[in-house]
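> Quick one: sequence plus predicted model below, questions after.
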Amino acid sequence: MHAGPEIGVAARQIITSQLTILTLLGLLFGRMRNLATGGGQRALIEALQALPEQIEAVLKLSDQIKEIASRYVVRTVSCFFGRQFNFPIALEGALR
């Protein structure tokens, strides 16, 4: 996966890499069975290509994220919702 070293347990870069690979496999299998149309596939591939820049932009917001997180770090209970494509992300958040 070339996701970098895993430090601790279930690293976020691992789940991100796994979801990206599964998406690419889904696109490949759809093409192999002639199930997918070019427009939807193209938009998804472009979104995946834009992902590194979007991650960089989020990482630059580290101070704001820390400020928001400080409000919730003392909580003992949290609820995570996720449907369809967001379900694995909700599971990852609940795991943390």
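Yes, it's here.

> so where's the protein uncertain?
1-11, 36-38 (pLDDT under 70).

> so where does the residue nearest the centre of the chain fall, helix or strand?
Closest to where the C-alpha atoms of the chain average out (Cα atoms, centre = their mean) is residue 16, at 4.3 Å. In this structure, residue 16 sits in helix 12-32 according to DSSP states H and E.

> Run through the neighbouring helices and strands of that helix.
helix 38-59, helix 87-95 (3 or more Cβ pairs under 8 Å, 6 or more residues apart in numbering; DSSP states H and E). Placement of C-beta: from N, CA and C, glycine included.

> Go through it and flag the buried ones.
15, 16, 27 (16 or more other Cβ atoms under 10 Å).

> and the nearest residue to the first one once chain neighbours are set aside, how far is that from residue 12?
In this case it means residue 15. In this structure, residue 15 finds its nearest non-sequential neighbour in residue 92, 5.1 Å apart by Cβ to Cβ, 6 or more residues apart in numbering. For residue 92, the distance to residue 12 (Cβ to Cβ, to the nearest Å) stands at 7 Å.

> shared neighbours, these two?
Overlap between the neighbourhoods of residue 92 and residue 12 is empty, taking contacts as Cβ atoms under 8 Å, 6 or more residues apart in numbering.

> tell me which of the buried residues of helix 12-32 is nearest to residue 41?
Within those, the smallest distance to residue 41 is 5.6 Å, found for residue 27 (Cβ to Cβ).
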